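1. whatever this is, show me its structure:
(one chain, ligands or ions: 1)
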Amino acid sequence: MNAETRTLIIGIDGAPFSLIQELAEQGVMPYLSSLRADGIFRPMRSSIPAVSSVSWSSIITGCNPGEHGIFGFTEMMPESYVMSFPNFLSLKRPPFWAEQAGKCVIINVPSTYPPQPLNGCHISGFVSPRLDKAVYPVSELAKLEAMGYEVDLDVAKAKQSDLVLYKQLDETHAKREELADYLWDKYDPAVFMMVVTGSDRIGHLGWHHWEEESHPSHQQFLDYFRRVDETVARFARRLGPRDTLVVLSDHGMERTTQEVNLNAHLIQGGFLKLGGEDKKKYNRIQAGSTAFALEDGRIYLNERGRFPNGSVDESEEDALLDELTAFFAEMRVEGAKVVAKIHRREEIYWGEHLSRAPHLVLVANSGLKLMGRLTTELYQPSALSGMHNEQAFLLVRAPRAEEIVPEAPTVEDVVPIITQ
Ligand SMILES: [Zn+2]
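-> Okay, the predicted model is just below:
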């Protein structure tokens with residue numbers, strides 16, 4: 001990044017490498033197809049777990065979760081079992097744009113609410129509870145309101161019918177593009193980053209529209225990605241030969257069949273004891289419990305000193321982790337093993353926030369989503385069509401792209417590419 005060149009980054013949230021490759025080959029995404037020939041197009045490993053909040057935090061900081069401090073969409077507040085939802089203020093490392101000399105326009109990057117002052121403009125993305133606090137500088141708010149800009153779909157409504165889903169996807173995308181045009185012209189930024197998030201919503205609600213070619217909504221699924229391709233082309237064509245273009249996703253997507261309730265398995269295995277009535281509250285965790293789970297496969301030891309009913313001393317941790325590892329390796333649903341990989345935190349995380357990390361992170365076999373519900377029901381059919389996996393993609397067109405893109409990139413490698 002330097003003053004004379006421009007960097008354009010377009011995120012397509014939740015789009016796996018395999019989907020982009022197939023859509024490019026089928027002619028649904030002709031511009032991305034041409035970029036594959038001009039640049040480097042590779043699978044990119046998502047964060048562990050493969051969740052937008054963790055992954056985008058690594059993409060924009062270049063740091064590991066142990067350094068930036070975001071381990072999931074949810075987190076326990078210190079010395080309690082009360083759930084909190086980390087936001088941009090929880091991020092412990094600066095995003096790359098904080099150190100930029102030139103103007104930056106940042107639009108709809110997940111987990112960047114509320115935006116912080118920068119040289120340029122920042123419209124934060126999912127989750128942005130209030131539009132008026134999602135805009136920096138606030139002087140741009142009137143423009144967004146006049147446009148009827150929406151940060152996200154109304155997912156509850158979109159779940160009601162495919163017609164509503166695709167109508168909302170279309171409207172939200174059109175307004176995001178209109179906003180992007182306006183901000184590009186107004187700021188003439190050195191760095192422009194925009195994330196499309198409809199791609200993740202369509203993946204969760206309509207992955208079967210993609211996989212089942214005879215599905216009545218198959219064509220609409222393709223049309224949406226055709227539209228995204230046109231958006232990439234619209235902005236990428238404004239770049240010169242020395243500029244950098246990065247198109248990427250934060251994680252992949254695949255069909256989901258069952259949701260596995262890890263806490264129910266921990267109860268059955270004698271690791272977790274629940275009291276109380278309120279189904280959703282983790283303060284039902286009783287003394288004597290040794291482990292519990294939060295969503296997306298995060299397993300926490302019930303540490304003494306860290307949690308109110310903590311029962312596990314430091315000296316017991318290693319043996320307990322061995323026991324849990326053996327337990328999860330054998331965990332089955334309808335006879336089939338659930339877990340594909342079990343990561344100990346020291347193997348995947350480093351940095352000053354390591355002690356807040358989950359002790360284990362489980363990665364499930366295909367189609368199984370690992371839930372953190374407090375229930376005794378071991379598993380249930382999934383209410384959604386698609387779930388995340390770790391297969392993101394990275395496409396880079398830049399001078400020296402061959403040298404700067406690693407052979408097997410991860411989300412932590414993006415900052416070094418764009419700040420070269
Ligand atoms: Zn998602």
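2. can you pull out the low-pLDDT segments for this protein?
-> 1-3 (pLDDT under 70).
3. remind me, longest helix of it?
-> helix 162-187 (DSSP state H).
4. who does that helix touch, helix- and strand-wise?
-> With contacts defined as 3 or more Cβ pairs under 8 Å, 6 or more residues apart in numbering; DSSP states H and E, helix 162-187 has these neighbours: strand 104-107, strand 120-123, helix 141-147, helix 155-158, strand 191-196, helix 198-211, helix 218-236. Where C-beta positions appear, they are placed from N, C-alpha and C, glycine not excepted.
5. residues in contact with the helix or strand just after the last one?
-> Next helix or strand after helix 218-236 toward the C-terminus (DSSP states H and E): strand 244-248. With Cβ atoms under 8 Å, 6 or more residues apart in numbering as the test, strand 244-248 has contacts from 1, 5-12, 32, 35, 39, 44, 59, 232, 236, 239, 392-399, 414, 417-418, 420.
6. strand partners of strand 244-248, parallel vs antiparallel please.
-> Sheet pairing of strand 244-248 (DSSP bridges) gives strand 7-12 (parallel), strand 391-397 (antiparallel).
7. can you give me the angle that strand makes with helix 218-236?
-> 160 degrees (axes from the mean of the first three to the mean of the last three Cα atoms, to 10 degrees).
8. tell me the helix or strand right after strand 244-248.
-> Following strand 244-248 in sequence, per DSSP H and E, is strand 252-255.
9. may I have the very next helix or strand once past that next one as CSV, with CA atoms only?
-> Downstream of strand 252-255, the first helix or strand assigned by DSSP H and E is strand 258-261. Extracted in CSV, the C-alpha atoms of strand 258-261 (Å, rounded to 0.1, in the frame of the first residue of the first chain):
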residue,chain,number,x,y,z
GLN,A,258,-28.0,-32.5,12.1
GLU,A,259,-27.2,-30.2,15.0
VAL,A,260,-25.3,-31.9,17.8
ASN,A,261,-25.8,-30.6,21.2
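10. which residues sit against whichever helix or strand comes after strand 258-261?
-> Counting by DSSP H and E, the next helix or strand C-terminal to strand 258-261 is helix 262-268. Helix 262-268 is contacted by residues 272-274, 291-293, 297, 299, 327, 331, 362, 370-379 when judged by Cβ under 8 Å, 6+ apart.
11. what subset of these is buried?
-> 272-274, 291-293, 297, 299, 327, 331, 362, 370-374, 378-379 (16 or more other Cβ atoms under 10 Å).
12. out of these, which sit inside strands?
-> A291, F292, A293, I299, L362, L370, M371, Y379 (DSSP state E).
13. residue numbers of the protein in contact with the ion?
-> Counting by Cβ under 5 Å from the ion, the residues of the chain lying close to the ion are G14, D200.
14. count the residues that sit near the residue in the stretch 1-150 of the chain that the ion sits nearest to.
-> Here the stretch 1-150 of the chain gets closest to the ion at one residue, G14, 5.0 Å apart by Cβ to the ion. By the criterion of other Cβ atoms under 10 Å, G14 has 30 neighbours.
15. surely it is in a helix?
-> No. Under DSSP: H, G, I helix; E, B strand; the rest coil, G14 sits outside any helix and is assigned coil.
16. which residues touch the closest residue to it other than its chain neighbours?
-> Nearest residue to G14 in three dimensions, chain neighbours excluded: D200, at 3.2 Å (Cβ to Cβ, 6 or more residues apart in numbering). The neighbours of D200, taking Cβ under 8 Å, 6+ apart as the test, are D13, G14, S52, M253.
17. does M193 touch Q100 like I think?
-> No. Counting by Cβ atoms under 8 Å, M193 does not reach Q100; the two are 10.8 Å apart.
18. who has more neighbours, these two?
-> M193 (25 against 18).
19. who's the residue nearest to the more buried one when sequence neighbours are not counted bridged to?
-> Among residues not flanking M193 along the chain, I9 sits closest, at 4.1 Å (Cβ to Cβ, 6+ apart). Assessed by DSSP bridges, I9 has beta-bridge partners M193, V246.
20. roughly how far does the residue nearest to L169 when sequence neighbours are not counted sit from K103?
-> Of all residues not flanking L169 in the chain, G198 sits nearest, at 4.4 Å (Cβ to Cβ, 6+ apart). To K103, G198 is 27 Å away according to Cβ to Cβ, to the nearest Å.
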